[in-house]
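I'll drop the sequence and a predicted model, then ask my questions.
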Amino acid sequence: MKILLFGKDGQVGWELQRSLCLLGNLVALDSNSTEYCGDFTNLQGIVDTVNEVQPNIIINAAAYTAVDKAENDLERARLINALAPDVLAKEAMRLGAWLIHYSTDYVFDGSSDEPWKETDTPAPLNVYGRTKFEGEKLIQNSGCRYLIFRTSWVYATCGENFIKSILRLAKERDHLMVINDQIGSPTGADLLADITAHAMRLIVNSATPFKFNGLYHVASAGYTSWHGYAQLIIETAHRLGVELKIVSDAVTPIPSTNYPAIALRPYNSRLNTRKLQTIFDLSLPPWQQGVIRTLAEIL
């Protein structure tokens, strides 16, 4: 089996290299790769890469994820988040390959009081969410065999993320103000990578692989606010003996209106993962477990 991975140096892509290496011949690319083109702003280069590699499975872990910057960079965000995945989907269709693609809770407007289901209607609030949703639709309309994994609040030991930002600020300041009215599930890139590998094994070994085709919500179990997330990070760092300037009870909860951003964010980013757990026979760990483990690795 030949696997073609785009976005190898992102948080999810980095972990995918670990989880996929035993499943087949893995060709992993990023935007700076030289042997093959992994640059999503070069659509013909992406087509040429797929034609040369001839993969059985294409995995897209590349994305434009600068949410605020995207508001003034629509063309590039759309190119990377929608048009390039469309190219991959059409090439997967032509080859009879599977396409695995990652999307986001930001396709929803956050207005529901319940965790979002795959059947709920998206209504993204920002350019990032709109371009990711367009990418989803283009893949679904291509006719290829696909898995789309919508996820939320991704973190990893590599790359920049909320965990590292809070640790840095906690060493510099004795007081922090963190939003408490946006709710979601911090989800480790390692968990996403392992779920992807598990899904691939089932697909490859199934007599009826098309039954797995579709859109799935993937996130750790449970949920919290950014404030609750920050508190756990600081409490865990203290427990691990890290010298911080701040104490855990010096994190003040604030509403989103007190921290204006260029792009609007959804208040409710909770995802209902029942479909994923049922179809792929999975049990998802609590969000705290992955965060504490990642902190131990970082520190």
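Happy to help now that I have it.

which element is the residue nearest to Leu20 when sequence neighbours are not counted on?
Among residues not flanking Leu20 along the chain, Leu26 sits closest, at 5.2 Å (C-beta to C-beta, 6 or more residues apart in numbering). For the C-beta atoms, the positions are set from N, CA and C on the backbone; glycine is no exception. Assessed by DSSP states H and E, Leu26 sits inside strand 25-29.

elements contacting that strand?
Secondary-structure packing of strand 25-29 (3 or more C-beta pairs under 8 Å, 6 or more residues apart in numbering; DSSP states H and E): strand 2-6, helix 11-20.

Ok, which of the ones you listed comes nearest Arg270?
helix 11-20 (20.0 Å; C-beta to C-beta).

who touches that closest one?
Helix 11-20 is contacted from outside by 3, 5-8, 26, 28, 30, 59, 61-62, 102, 154-156, 158-159, 161, 189-190, 192-194, 196-197, 200, using C-beta atoms under 8 Å, 6 or more residues apart in numbering.

just how off-centre is that helix within its chain?
Centroid displacement of helix 11-20 relative to its chain, using C-alpha atoms, centre = their mean, to the nearest Å, is 12 Å.

just stretch 186-203 next, same as before
11 Å.

Count the neighbours of the residue nearest to Val242 when sequence neighbours are not counted for me.
Of all residues not flanking Val242 in the chain, Leu299 sits nearest, at 5.5 Å (C-beta to C-beta, 6+ apart). Burial measure for Leu299: 11 neighbouring residues, criterion other C-beta atoms under 10 Å.

who's in contact with Leu299?
Residues near Leu299 by C-beta under 8 Å, 6+ apart: 167, 237, 240, 242.

hmm, which two among those residues are most spread apart?
Leu167 and Leu240 (10.8 Å).

can you count the residues close to Ser112?
14.

that older thread, so what's the residue nearest to Leu20 up against?
3, 5, 17, 20.

ok, what's across the strand from it?
Ile3 (DSSP bridges).

Show me where the stretch 51-200 of the chain dips below the pLDDT cut-off.
Within the stretch 51-200 of the chain, no range satisfies pLDDT under 70.

residue ranges of the strands in it, please?
Using DSSP state E, counting those that start in this stretch, the strands of the stretch 51-200 of the chain run over residues 57-60, 98-104, 145-151, 154-155, 176-179, 183-184, 187-188.

Reformat these as JSON lines; add mean neighbour count.
Shown next, in JSON lines, are the strands of the stretch 51-200 of the chain (neighbours: other C-beta atoms under 10 Å):
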{"stretch": "strand 57-60", "mean neighbour count": "27"}
{"stretch": "strand 98-104", "mean neighbour count": "25"}
{"stretch": "strand 145-151", "mean neighbour count": "23"}
{"stretch": "strand 154-155", "mean neighbour count": "23"}
{"stretch": "strand 176-179", "mean neighbour count": "18"}
{"stretch": "strand 183-184", "mean neighbour count": "22"}
{"stretch": "strand 187-188", "mean neighbour count": "26"}
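
now these as TSV including distance to Asn72?
Below are the strands of the stretch 51-200 of the chain laid out as TSV (distance: least, C-beta to C-beta, whole Å):
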stretch	distance to Asn72
strand 57-60	24
strand 98-104	19
strand 145-151	25
strand 154-155	23
strand 176-179	22
strand 183-184	25
strand 187-188	28
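
Quick one: closest of those strands to Phe280.
strand 145-151 (9.7 Å).

what about Glu15, how many neighbours?
Neighbourhood size, Glu15 [other C-beta under 10 Å]: 23.

Excluding chain neighbours, what is closest to it?
Ala193 (3.7 Å).

burial count for that neighbour?
Using other C-beta under 10 Å, Ala193 is surrounded by 23 other residues.

so who does it touch?
Counting by C-beta under 8 Å, 6+ apart, Ala193 touches 12, 15-16, 18-20.
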